[in-house]
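[1] I'll drop the sequence and a predicted model, then ask my questions.
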2 protein chains.
Amino acid sequence: MDTQYVIGMDIGGTNTVFGIVDARGNVLSKSAVKTDLHDDFDLFVDDVYQELNVLITQVGGLSKIKGMGIGAPNGNHYTGNIEFAPNLRWKGVVPLSKLMSEKIGVPVVVTNDANAAAIGEMTYGAARGMKNFIMITLGTGVGGGVIIDGKLVYGHDGFAGELGHICSVRNGRLCGCGKYGCLETYASASGVARTAKEILETQQVESLLRNIPLDNITSKDVHDAALQGDKVALDIFEYTGKVLGEALADFVAFSAPEAFVLFGGLTKAGDYILNPIKEHMEKNLLKIWQGKVKILFSQLKEADAAVLGASALAWEL
Amino acid sequence: MDTQYVIGMDIGGTNTVFGIVDARGNVLSKSAVKTDLHDDFDLFVDDVYQELNVLITQVGGLSKIKGMGIGAPNGNHYTGNIEFAPNLRWKGVVPLSKLMSEKIGVPVVVTNDANAAAIGEMTYGAARGMKNFIMITLGTGVGGGVIIDGKLVYGHDGFAGELGHICSVRNGRLCGCGKYGCLETYASASGVARTAKEILETQQVESLLRNIPLDNITSKDVHDAALQGDKVALDIFEYTGKVLGEALADFVAFSAPEAFVLFGGLTKAGDYILNPIKEHMEKNLLKIWQGKVKILFSQLKEADAAVLGASALAWEL
């Protein structure tokens, strides 16, 4: 066969990024369009087509392309649709895979971004050779992608792996989803910021973080302060790692993975976040699993990760 | 092929029950030996062989038998061993499938009892035709068996589905496993008894349950009292159902099952337990899943369920 490339596309609320990827995970070329420019989904598809066509021509035309993988918010693998995505302008059900494959002329497969990341790590990244692992994306929200026996778990309806919405703290923080205490409200970048605000508001302690307006503190600020030995910053990572580590222990009980792969801004905190995650996961594991489950950071270059993850889906076509 | 029967065997702490089963889930014959009679595992295998041989001869000999499925505490599907089972006399690692298949002369497949129950429900019971569901056994403990895409999830090491040991209440009740707050300490028969004791000790309320010594109250007593409208008994089921329903909601976020199948003594309480489970699961589901996930009771006859579950494994050989 002559199809040596795949297309990966990541649809975000603001930007849609796509690129051509080879079997080793090299992103040969990349481009982007604005996601939120058009109310009309057809016009968005036209925009993508125009840009993407240039890239496809550069690698020798459509006959070289095996297919296209798309990571999209509320992307449903089974239907190929985007379904009721709160952060996109297109409301209701959008027939993403149908319209895109008709326009571009290659098969299209769709899933959400965390699931795409899981396939990406298995294909090109930290989970190569693994058959059972769990991807956790720690970004603005918290996403999950569960791999069992080398396959992504989609579940009965295509929406499995919503690990950011398991309950970490009963009656805890209000989540964007309407529930209380979701893991996402503690272990995401905004969760870290909320923890910082809570500690600084309720405790009479000195901290470098007091130099920043309360509502502007980011997880990067917390990391910077931790690097200077700031006690509050270290406490914030300890608490975040505790909540996340406890959740990981429950995930182990469910599917007994070989490893977790963590991706996203929070992983930049390195050992500051990794150590408490490990400690509290271990404390909450059954004896049969203690000392056995690895916690790894993503090995995909951050700038390419979303495109790589989505592209990896297309190899499975 | 002429192999129209399978053997199912359930190894419990006290008794080991086994039987011959046909493809429709009829248990044609059944027998049992004492599990805890022999320190020597070889002598136990001899005992089973003697009894089982009679049953095999009755159905026309070994050539009619496709294989043997065994549900055993800490039974590891990948190795075929019983590994460090706290409630059995055989310590360490017992090569169950190897010794049993050599002795009986048919292929043997091993898993734990909750996993066996899941395969049993899928083959003969409430989950026929389902590809994605979760079995929850509510007995002395709480066990789980997760089916994804029509297959039992064993995980990296064979021990997936330990759903009784996810944390329901942080720093909650001490569990037999050494951890605190495990689902099993609330939603098992003994968990119900503990809840009864806690309520009766800490609240000044009248209850029919006060006629029973505190340490002797069983989940059956609570059911009997509920049938007579006893407020405390109803509160106990409400609380138990709340803890279990909250856990089920998290399981849905993980693998998006079509249904849960509940098995065991606690299900005898019928709507008293089912209604609060449903209510609290629904409250804790993301909107995409509300009103969609079924909660069913097992359809396997209780007396035969363990043998049927184990036997179903052998059809997959």
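    Happy to help now that I have it.

[2] kindly report the residues of the stretch 51-200 of chain A close to chain B.
    Contact residues (Cβ under 8 Å from any Cβ of the partner chain) of the stretch 51-200 of chain A with chain B: A:83-84, A:131-132, A:144, A:146, A:148-149, A:151, A:153-163, A:165-167, A:169-170, A:177-179. (Each C-beta comes from the backbone N, C-alpha and C, glycine too.)

[3] report the buried members of those residues.
    Among these, those buried by neighbour count (16 or more other Cβ atoms under 10 Å in any protein chain shown) are A:83-84, A:132, A:144, A:146, A:148, A:153-163, A:165-167, A:177, A:179.

[4] for burial, what's the neighbour tally of the residue of the stretch 201-317 of chain A found nearest chain B?
    At 2.5 Å from chain B, residue A:256 is the closest residue in the stretch 201-317 of chain A, using Cβ to the nearest Cβ. Using other Cβ atoms under 10 Å in any protein chain shown, residue A:256 has 25 other residues around it.

[5] which non-adjacent residue is nearest residue A:38?
    The shortest distance from residue A:38 to any non-neighbouring residue, by Cβ to Cβ, 6 or more residues apart in numbering or on different chains, is to residue A:44 (4.7 Å).

[6] any idea of the pLDDT on the residue in the stretch 1-150 of chain A that chain B sits nearest to?
    Residue of the stretch 1-150 of chain A nearest chain B, by Cβ to the nearest Cβ: residue A:132 (4.2 Å). pLDDT, residue A:132: 98.

[7] just checking, what packs against the helix or strand harbouring residue A:136?
    Using DSSP states H and E, residue A:136 falls within strand A:133-138. Under the contact definition 3 or more Cβ pairs under 8 Å, 6 or more residues apart in numbering or on different chains; DSSP states H and E, strand A:133-138 sits against helix A:113-124, strand A:142-148, helix A:231-255, strand A:259-263.

[8] which residue ranges of chain A form strands?
    A:5-11, A:15-22, A:27-34, A:65-71, A:82-83, A:93-94, A:108-111, A:133-138, A:142-148, A:151-152, A:259-263, A:294-297 (DSSP state E).

[9] can I get these in CSV including distance to residue B:308?
    Output for the strands of chain A, formatted as CSV (distance: least, Cβ to Cβ, whole Å):
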stretch, distance to residue B:308
strand A:5-11, 46
strand A:15-22, 49
strand A:27-34, 53
strand A:65-71, 42
strand A:82-83, 39
strand A:93-94, 42
strand A:108-111, 37
strand A:133-138, 32
strand A:142-148, 25
strand A:151-152, 28
strand A:259-263, 36
strand A:294-297, 38
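
[10] so what sits opposite residue A:135 in the bridge?
    residue A:145, residue A:261 (DSSP bridges).

[11] state the number of residues packed around it.
    Counted with other Cβ under 10 Å, residue A:135 comes out at 32.

[12] ok, back up a step: now do the contacts for the residue nearest to the residue of the stretch 201-317 of chain A closest to chain B when sequence neighbours are not counted.
    Closest residue to residue A:256 apart from its sequence neighbours, by Cβ to Cβ, 6+ apart: residue B:155 at 2.5 Å. Counting by Cβ atoms under 8 Å, 6 or more residues apart in numbering or on different chains, residue B:155 touches A:132, A:148, A:255, A:256, A:257, B:161.

[13] roughly how far does residue A:55 sit from residue A:10?
    15 Å (Cβ to Cβ, to the nearest Å).

[14] of those two, who's got more company?
    Taking other Cβ under 10 Å, residue A:55 and residue A:10 do not tie; residue A:10 has more neighbours (26 against 18).

[15] name whatever forms a beta bridge with that one.
    Where residue A:10 sits in a bridge, its partners, by DSSP bridges, are residue A:17, residue A:71.

[16] in the stretch 101-250 of chain A, what residue is nearest chain B?
    For the stretch 101-250 of chain A, Cβ to the nearest Cβ, closest residue to chain B: residue A:155, 2.5 Å.

[17] let's see the pLDDT reported for that residue.
    In the prediction, the pLDDT value recorded for residue A:155 is 97.

[18] so what does it look like in phi/psi?
    Main-chain dihedrals, residue A:155, degrees, to the nearest 10: phi 80, psi -170.
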